[in-house]
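In: Output the structure for:
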Amino acid sequence: MAKKGVNISLKGYDEIFTTEETRTNEKLEKVQNIPLSELLPFKNHPFKVIDDESMLRTVESVAQYGVLAPAIARPREEGGYELISGHRRYHASELAGRETMPVIIRNLDDDAATILMVDSNLQRETILPSERAFAYKMKLEAIKHQGARSDLTSCQVGTKLRTDEMLAKDSGDSARQVQRYIRLTELIPELLSMVDEKKISFNPAVELSYLTKEEQQDFLEAMDMEQNTPSLSQAQRLKKLSQEGNCTLEAMAEIMAEVKKDELDKVTIKNDVLKKYFPKSYTPKQMQDIIIKLLEGWHKKRTKQMER
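Out: Below you'll find the model as predicted:
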């Protein structure tokens with residue numbers, strides 16, 4: 001009786017003479033110097049790269065020492081790499097005249113890449129409200145998508161956190177505050193810029209986000225007409241008008257024409273008005289000193305007239 005053949009799998013030369021340590025090292029992520037021309041920004045990256053004083057210092061450092069902390073990127077199907085973290089370092093490298101920068105290449109799906117991009121950028125010292133708003137929104141959507149996929153394989157009742165609670169746990173903000181930031185993404189760009197510029201406070205801005213896009217455009221006109229920005233109570237009343245279907249331009253202008261309590265003891269003179277009477281070289285302090293002297297003279301003259 002013929003014996004059955006035995007399949008013997010012979011290992012290749014490289015596999016036989018490669019140590020376990022070498023095989024482990026091959027799996028580890030390595031820092032590579034990647035040409036800047038092969039690096040592209042993350043799609044819909046919510047964090048602004050601004051040429052400010054901080055960027056100037058970064059450029060000087062990169063020019064002298066190079067990029068010390070490697071960026072993280074992932075391969076693109078079309079070729080090249082998509083930056084996940086390191087957009088400021090990339091821009092600084094461009095300005096410093098560098099042709100390459102150190103990068104860790106990591107294979108990540110869209111959701112994992114989005115979460116890592118947000119988490120790495122939230123470590124910045126200064127983050128604008130608009131940046132935090134869109135970052136939270138992107139990460140929340142990614143977490144929800146990951147949760148939807150995991151639901152297909154496992155789901156234990158009572159063990160899952162709400163997605164906004166998961167995001168809050170990582171960010172340091174409460175779940176409610178996370179949702180309030182995400183509300184800002186409903187603002188039209190002009191109003192959102194005013195929030196970043198601190199012309200409109202955060203809490204009123206959240207209330208304004210409930211207005212329709214058309215109502216928000218009218219609200220811009222109402223603010224311009226009355227030269228005023230909303231308090232929290234005014235924004236809440238505007239939100240209520242919108243919910244009732246009565247948020248007209250006239251109604252908004254009427255609310256914005258109201259004098260706020262904190263403005264009752266405040267007098268504001270616009271720079272355009274002052275510039276008519278002072279040389280261009282005068283500083284605000286010099287203008288203030290002259291105004292005070294003129295007022296003192298006017299007050300003395302008026303007092304004498306009243307004594308007659």
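In: In the stretch 51-200 of the chain, where is pLDDT below threshold?
Out: Residues of the stretch 51-200 of the chain meeting the criterion pLDDT under 70: 148-161.
In: quick one: the helices in it?
Out: 53-65, 87-95, 110-121, 129-151, 163-171, 175-183, 189-196 (DSSP state H, counting those that start in this stretch).
In: how about those, which one is nearest residue 209?
Out: helix 175-183 (4.4 Å; CB to CB). For the C-beta atoms, the positions are set from N, CA and C on the backbone; glycine is no exception.
In: List the buried residues of that closest one.
Out: Within helix 175-183, the residues that qualify as buried are 175, 177-183, counting by 16 or more other CB atoms under 10 Å.
In: looking at the helices of the stretch 51-200 of the chain, which is closest to residue 76?
Out: helix 110-121 (11.1 Å).
In: Please spell out which residues along the closest one are buried.
Out: Quick answer for helix 110-121 (16+ other CB under 10 Å): 111, 113-118, 120-121.
In: could the residues you listed go into a markdown table alongside distance to residue 298?
Out: Converted to a markdown table, these look like this (distance: CB to CB, whole Å):
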| residue | distance to residue 298 |
| --- | --- |
| 111 | 68 |
| 113 | 66 |
| 114 | 63 |
| 115 | 64 |
| 116 | 64 |
| 117 | 60 |
| 118 | 58 |
| 120 | 60 |
| 121 | 55 |
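In: which residues touch residue 253?
Out: Counting by CB atoms under 8 Å, 6 or more residues apart in numbering, residue 253 makes contact with 222, 225-226.
In: what's the nearest residue to residue 98 if we skip its chain neighbours?
Out: Of all residues not flanking residue 98 in the chain, residue 62 sits nearest, at 6.5 Å (CB to CB, 6 or more residues apart in numbering).
In: And that neighbour, how far from residue 192?
Out: 31 Å (CB to CB, to the nearest Å).
In: what residues go with each domain of the protein?
Out: Domain assignment for the chain by automatic domain parsing gives 29-107, 110-151+162-186, 201-259.
In: so residue 75 sits right up against residue 104, yeah?
Out: No - the criterion here is CB atoms under 8 Å, and residue 75 misses it with residue 104 at 12.0 Å.
In: ok, those two, which is more surrounded?
Out: residue 104 (17 against 13; other CB atoms under 10 Å).
In: Spit out the contact partners of the more buried one.
Out: Neighbour list for residue 104: 29-32, 70-73 [criterion: CB under 8 Å, 6+ apart].
In: Tell me what it is bridged to.
Out: residue 31, residue 72 (DSSP bridges).
In: Roughly how far does it sit from residue 70?
Out: Taken as CB to CB, the span from residue 104 to residue 70 is 5 Å.
In: which neighbours do those two share?
Out: Taking CB under 8 Å, 6+ apart as the criterion, residue 104 and residue 70 both touch residue 31.
In: C-terminal to the strand or helix carrying residue 273, what's the next element?
Out: Here residue 273 is covered by helix 271-274, with elements defined by DSSP states H and E. Using DSSP H and E, the helix or strand that follows helix 271-274 towards the C-terminus is helix 284-307.
In: Please name the residues that touch residue 101.
Out: Contacts of residue 101 by CB under 8 Å, 6+ apart are 33-34, 36, 39, 66-67, 70-71, 86, 89-90, 93.
In: Much appreciated, bye for now.
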